[in-house]
Structures are given as structure tokens and as C-alpha cells.
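Undergrad: fold the stuff below for me.
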Amino acid sequence: MKMPCCQEAYIPVAKVEKYLLSETHAVGRSKAKFFKKYGFNLENVDLLEQGLLTIAYDEVTEILLSPYGTKYVIIGELETPSTKKVTIQTVWIIENRESIPRFVTAYPK
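TA: Residues are numbered from 1 along each chain as shown. Model prediction:
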């Protein structure tokens, strides 16, 4: 199954710049090391965003219900600036009373 409205999925800019690529964020710093290892950085944020949005079209592997909405877990291959493909797990949420998926997190699978 595909995530509902995957073509409208969005990623808040701060989620990438101040979380996934931040080496000082308490939770994000380990993710930043991973993504930077494969060539992602603050100068090519758009490449990471586009790669994550491409994964939003892949098949959903798990659906999780939370008090805030429905979360969709999607595993996919991310093309990197280093020309390697890496498998990552992404999490998206469609919040209660909303219909558009918002990016929550990503990490190596």
C-alpha cells in the first residue's frame, strides 16, 4: 500500500537542517554523521529532501496509530551525493484532522 496523499508529502526545512544534518542536536547528531558520511550537508539540503520525498512514494511497511495521528513507516533506497545508494527507514505522519503527510524522521536501516 502507498501512503495516502504521498504526492503532497512535505518536509519542514528545519527538520533537515536543524535535526537530520545537525551534529549538535541531541537525537539528530548520530543521524547527521550517517548522512554526512554519504555526502549530504547544508549546502545540498535539497538533494536530501528530494531523496526523502521520493521514498514517500514507496510501499508502506508499517502503520502506527498515535494520539496525534497515523504514522507511516517506509523503507527505501536513498541516492547519495557519494553515488552510493543506502537503505533508510523513514517515518511520516498524517496528523488528526489533516490529510497531508509530514516527514518525521529517517535513519539507517
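Undergrad: what strands flank the strand or helix carrying residue 94, and is each parallel or antiparallel?
TA: For residue 94, the host element (DSSP states H and E) is strand 85-95. Note on strand 85-95: by DSSP bridges, its sheet partners are strand 69-79 (antiparallel), strand 102-108 (antiparallel).
Undergrad: contact partners of it?
TA: 3-5, 9, 38, 52, 55-56, 61, 66, 68-80, 100-109 (CB atoms under 8 Å, 6 or more residues apart in numbering). Placement of C-beta: from N, CA and C, glycine included.
Undergrad: what's the helix ranked longest in the chain packed up against?
TA: Longest helix in the chain by number of residues (criterion: DSSP state H): helix 45-55. Applying 3 or more CB pairs under 8 Å, 6 or more residues apart in numbering; DSSP states H and E, one finds that helix 45-55 contacts strand 69-79, strand 85-95.
Undergrad: do you know which of the ones you listed lies nearest residue 47?
TA: In terms of CB to CB, the element of those nearest to residue 47 is strand 69-79, at 8.2 Å.
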